[in-house]
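> Sequence and predicted model, in that order:
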Amino acid sequence: MATSDPVERVRDAERTRRDLLEVATEVFAERGYAGARVDEIAERTRTTKRMIYYYFGGKEQLYLAVLESAYRRIREVEQRIEADDLEPLDAVRRIAELTFDHHHDNPAFIRLVSSENIQRGENLRRVESLRDLGAPATEMLDRTLARGRESGQIREDVDALDVHMLISAYCVFQVANRSTFDFLFDRDMTAPDVRTRHRRILGDVVVGWLATR
């Protein structure tokens, strides 16, 4: 029997929307925007196209919601870092490590980002909220770098976006090139020992680059 409790109905709606976004993320990541089919998303979630249109309005709006959700998740991970309570270099290492973990655990995010770059960010530019979502990542690094410069621990000639780009480049490469590295070099990038070593390398590289000599 359907529930008549308004609070429970809201929870059910939120759960349904969350489930749809989760499955849609996988489908769009696997097939790209053009190849993804709303029918497949409906089938995987055991719902109907009508339900998807009810919650999102259509395939295009669903894809934009997927992009926003994917970027919101990585920002939420970053916001859980209590960087201000750590020594500056320790804080930067922690940010790098958590970014590494997020990207390794969310390969669909990397495929979505890669697809958007192939399309020159055509869809990304239509989600205005993503500009605001990008700010917290650099703001946290800005504060951390400023503290490190004041204490003489961090060099003066780099900014937060430089650091963010270095971390992102390493983490994205780890995921985007898994298949080719596995074939060409017989290296499983997802193996626990390899992952642990590469995670440590990233922290060492970022800290070594930023630390004053």
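Everything's here; your move. Given the structure is predicted, the values throughout are model-derived calculations rather than measurements. Residues are numbered from 1 along each chain as shown.

> Tell me who's in contact with the residue nearest the centre of the chain.
Central residue of the chain (Cα atoms, centre = their mean): residue 74, 4.0 Å from the mean position. For residue 74, the contacting residues are 99, 102, 106, 109, 137, by Cβ atoms under 8 Å, 6 or more residues apart in numbering. Quick note: C-beta positions are derived from backbone N, CA and C, even for glycine.

> Residue 113 too?
70, 172.

> check which helix or strand covers it.
helix 107-118 (DSSP states H and E).

> Longest helix in the protein, by number of residues?
Ranked by number of residues, the top helix in the chain under DSSP state H is helix 6-35.

> Which parts of the chain are helices?
6-35, 38-44, 49-56, 59-79, 88-105, 107-118, 129-150, 160-176, 178-185, 192-210.

> Any chance of CSV for those helices, columns mean pLDDT?
Output for the helices of the chain, formatted as CSV (pLDDT from 0 to 100):
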stretch, mean pLDDT
helix 6-35, 83
helix 38-44, 92
helix 49-56, 90
helix 59-79, 88
helix 88-105, 94
helix 107-118, 89
helix 129-150, 84
helix 160-176, 94
helix 178-185, 93
helix 192-210, 97
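
> Could you tell me the angle between the longest helix of the chain and helix 49-56?
Calculated by axes from the mean of the first three to the mean of the last three Cα atoms, to 10 degrees, helix 6-35 forms an angle of 100 degrees with helix 49-56.

> one step back: what subset of the contacts of residue 74 is buried?
99, 102, 106, 109, 137 (16 or more other Cβ atoms under 10 Å).

> nearest to residue 210, of the residues you listed?
residue 99 (15.1 Å; Cβ to Cβ).
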